[in-house]
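> heads up, no residue letters with this:
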């Protein structure tokens, strides 16, 4: 997986947590994955990049950054963990 020329796809989701008080009632999820650029109209217009199945199986890292700390601070850790599978 350690390939500097790899294309990366991503998608974002948010969901509400039942019975939680704002601002703790929303969970934001960002998923990055090896993408395969196709040049399709869907990719050009909507930014949807399919997964590159040749890179499978995909390593998974679940990382919670906590409060008062941007997730980008842990980018190095996510990369190291995913490289190790």
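That came through fine. Bear in mind the structure is a predicted one, so any value in this text is a computation, not a measurement.

> now do residue 53 against residue 62, distance only.
Remark: distance between residue 53 and residue 62 (Cβ to Cβ, to the nearest Å) = 22 Å. Heads up, the C-betas are built off the backbone N, CA and C, glycines and all.

> who has more neighbours, these two?
residue 53 (10 against 7; other Cβ atoms under 10 Å).

> and the contacts of stretch 44-51?
Here stretch 44-51 makes contact (Cβ atoms under 8 Å, 6 or more residues apart in numbering) with 7, 9, 33, 34, 35, 36, 37, 38, 42, 43, 58.

> need these in a markdown table (columns: neighbour count, pLDDT and distance to residue 82).
Formatted as a markdown table, the contacts of stretch 44-51 follow (neighbours: other Cβ atoms under 10 Å; pLDDT from 0 to 100; distance: Cβ to Cβ, whole Å):
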| residue | neighbour count | pLDDT | distance to residue 82 |
| --- | --- | --- | --- |
| 7 | 13 | 80 | 15 |
| 9 | 18 | 82 | 14 |
| 33 | 18 | 84 | 10 |
| 34 | 20 | 85 | 10 |
| 35 | 18 | 86 | 14 |
| 36 | 15 | 86 | 17 |
| 37 | 11 | 85 | 20 |
| 38 | 12 | 82 | 23 |
| 42 | 11 | 80 | 26 |
| 43 | 16 | 81 | 23 |
| 58 | 14 | 78 | 8 |
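
> tally of neighbours for residue 59?
Quick note: residue 59 (other Cβ under 10 Å) scores 14 neighbours.

> is residue 58 in a helix, a strand, or coil?
coil (DSSP: H, G, I helix; E, B strand; the rest coil).
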